[in-house]
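Participant: Predicted structure and sequence below. I'll ask about it afterward.
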Amino acid sequence: MNILEVKIDGRRMKTKELAHEYLSKKRCFPKHYGKNLDALYDVLTSLRDVRIDIVFAGSITANLGDYGQAMLDVFRDAGENNEFLSVNIK
């Protein structure tokens, strides 16, 4: 089994719009990604054999505040609810 490893750099997420635009360019995100937290959860819970490493996660909350925390929560929740997805937040 080949696992797709995706690295997400929290320093690249300076605004909500930039955060979703950055995510939409990752290989595991479909072209029709809706660029909001609900769409993020839908994408993450539909992935198979993917490992996501979020580095500099503190930058996400520093730049986006409560929205950034909610985004990290979506990643955590999706990782817990999708047995084929591994999410590591650093």
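Facilitator: Great, that's in hand. Numbers count the residues shown, from 1 in each chain.
Participant: And the helices in this structure, which stretches?
Facilitator: Remark: helices assigned in the chain by DSSP state H are 16-24, 37-46, 57-64, 66-81.
Participant: what packs against the last one?
Facilitator: The helices and strands touching helix 66-81, judged by 3 or more CB pairs under 8 Å, 6 or more residues apart in numbering; DSSP states H and E, are helix 16-24, helix 37-46, strand 50-55, helix 57-64, strand 85-89. The way it works is simple: take the backbone N, C-alpha and C, and place the C-beta from them, glycine included.
Participant: can you list the ones you listed in a markdown table and add distance to Val6 and mean pLDDT?
Facilitator: Listed next are the helices and strands packed on helix 66-81 as a markdown table, based on distance: least, CB to CB, whole Å; pLDDT from 0 to 100:
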| stretch | distance to Val6 | mean pLDDT |
| --- | --- | --- |
| helix 16-24 | 10 | 96 |
| helix 37-46 | 11 | 97 |
| strand 50-55 | 5 | 98 |
| helix 57-64 | 14 | 98 |
| strand 85-89 | 10 | 97 |
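Participant: circling back to that earlier point, save the helices of the chain as CSV, and put in distance to Lys31 and mean neighbour count too.
Facilitator: As requested, these are arranged in CSV below (distance: least, CB to CB, whole Å; neighbours: other CB atoms under 10 Å):
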stretch, distance to Lys31, mean neighbour count
helix 16-24, 8, 16
helix 37-46, 11, 17
helix 57-64, 24, 18
helix 66-81, 20, 16
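Participant: returning to that earlier point: ok, which of the helices and strands packed on helix 66-81 comes nearest Ile8?
Facilitator: strand 50-55 (4.6 Å; CB to CB).
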